[in-house]
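Peer 1: Please work out how this folds:
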Amino acid sequence: MASITVQPELLLERILSLEIVRVTERAAVSAALLRGHGKEKASDQAAVDAMRRELNKLPIDGTVVIGEGEMDEAPMLFIGEKVGNKNGPKVDIAVDPLEGTTLCAKNMPGAIATLAMADGGTLLHAPDCYMDKIAIGPGYPKGTIDLDAPPEENILNLAKAKGVKPSEITAILLDRPRHADIIAAVRKVGAAVSLISDGDVAGVIHCAEPKTGIDIYLGIGGAPEGVLSAAALRCIGGQMQTRLIIDTEELRERTLKMGIKDAKKKYEIEDMVRGDCLFAATGVTSGAMLAGVKFGKHVIETETVVMRSITGTVRRVIAEHRQFEKFHLD
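Peer 2: Here you go, the predicted structure:
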């Protein structure tokens, strides 16, 4: 691929139009080739390799601040890895080349390849740990939700803000034993619960998409996924609060090295993603948000959603790729 020269002030718009889409498309196709084969690590590695190849073609001086582990865990896209051809401005990058590795391995709905990009120094450098989260979509008064409030209080406040009964609210949570008390509290006030096995980036985004019927995200998931989710909500609107779960001495030391001095800080979206940012996700397996990769005899079809915060633009890109072999090997 020939080198692309772009004026710095136009870089994010240029990437928004095509390049960032190509990155997640390639990762999604590479992972989709192993759908249903029960090979979680192999499909994840295929997505990582494809994403790295495409990132290194971009006119950026990029640093992965949200990735898959530390430097000693390479060849994953690790925290601190430098990507891009260096012919452009400095940017922070958050990646989850295959969110839902189990979903892909079992060919279940909702696996995606996802990436966020922002001006250098504007994404939260979060370690690969757990994060407590709460999120809702746009259109509600600030303060409608509070991470420190009981789940039932958040449900009642959201129902009041929406002008509906609590029974018309649906909360989405990861299906984990740790969420038993939250699930009981949500159901006690009459709200419904939608459980997902994996994929909490998509789970948060569902809150901002009326067609999904999801109103609120609750519970503990991954910190990297939390930052990616915040990037998406910064583009399309919504409220989100999070807190890192730092429960070991090793994690405390790592967070300090990343510049996080207050381990108990409650983060708003603006604390996790500052300035202009981009978010893109391509479906690997079909789900509520995106169609999965479709393999035809001579054509591969992908669906991608790409967003930009400064404009509030959301584009859905349905692409047909006709050079099958070259698409996932170059």
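
Peer 1: Helices of the stretch 101-250 of the chain, residue ranges please.
Peer 2: 101-105, 151-162, 180-188, 200-206, 223-236, 249-257 (DSSP state H, counting those that start in this stretch).

Peer 1: Mean neighbour count, those: which tops it?
Peer 2: Per residue and on average, the most neighbours among those fall to helix 200-206, with a mean of 29 (mean count of other CB atoms under 10 Å). For the C-beta atoms, the positions are set from N, CA and C on the backbone; glycine is no exception.

Peer 1: which other helices and strands contact it?
Peer 2: Applying 3 or more CB pairs under 8 Å, 6 or more residues apart in numbering; DSSP states H and E, we find helix 200-206 packed against strand 90-99, strand 112-119, strand 130-136, strand 170-174, strand 216-222, helix 223-236, strand 277-283.

Peer 1: what about the second one, distance to the chain center?
Peer 2: Remark: strand 112-119 is offset 7 Å from the chain centroid, using CA atoms, centre = their mean, to the nearest Å.

Peer 1: mind saving the C-alpha coords of that strand as PDB?
Peer 2: The C-alpha coordinates for strand 112-119 follow below in PDB (Å, rounded to 0.1, in the frame of the first residue of the first chain):
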ATOM      1  CA  ILE A 112     -16.700  -7.800  16.800                       C
ATOM      2  CA  ALA A 113     -13.400  -6.300  15.900                       C
ATOM      3  CA  THR A 114     -13.100  -2.800  17.400                       C
ATOM      4  CA  LEU A 115     -10.700   0.100  17.700                       C
ATOM      5  CA  ALA A 116     -10.700   3.700  19.000                       C
ATOM      6  CA  MET A 117      -8.300   6.400  18.100                       C
ATOM      7  CA  ALA A 118      -7.800   9.800  19.700                       C
ATOM      8  CA  ASP A 119      -5.300  12.700  19.900                       C
END
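
Peer 1: Please name every helix or strand in contact with that strand.
Peer 2: Judged by 3+ CB pairs under 8 Å, 6+ apart, the packing partners of strand 112-119 are helix 20-32, helix 40-55, strand 90-99, helix 200-206, helix 223-236, strand 277-283.

Peer 1: again, only using 6 Å
Peer 2: The contact analysis (3 or more CB pairs under 6 Å, 6 or more residues apart in numbering; DSSP states H and E) places strand 112-119 against helix 20-32, strand 90-99, helix 223-236, strand 277-283.

Peer 1: What angle do strand 90-99 and the first one make with each other?
Peer 2: So that's helix 20-32. Going by axes from the mean of the first three to the mean of the last three CA atoms, to 10 degrees, helix 20-32 is angled at 30 degrees with respect to strand 90-99.

Peer 1: who does helix 20-32 touch, helix- and strand-wise?
Peer 2: Applying 3+ CB pairs under 6 Å, 6+ apart, we find helix 20-32 packed against helix 40-55, strand 112-119, strand 277-283, strand 300-308.

Peer 1: Could you measure from the closest residue to Gly312 other than its chain neighbours over to Leu251?
Peer 2: Closest residue in space to Gly312, ignoring its immediate chain neighbours: Cys235 at 6.8 Å, by CB to CB, 6 or more residues apart in numbering. Separation of Cys235 from Leu251 (CB to CB, to the nearest Å): 29 Å.

Peer 1: cool, and Val23?
Peer 2: Going from Val23 to Leu251 by CB to CB gives 30 Å.

Peer 1: Cool, thanks, signing off.
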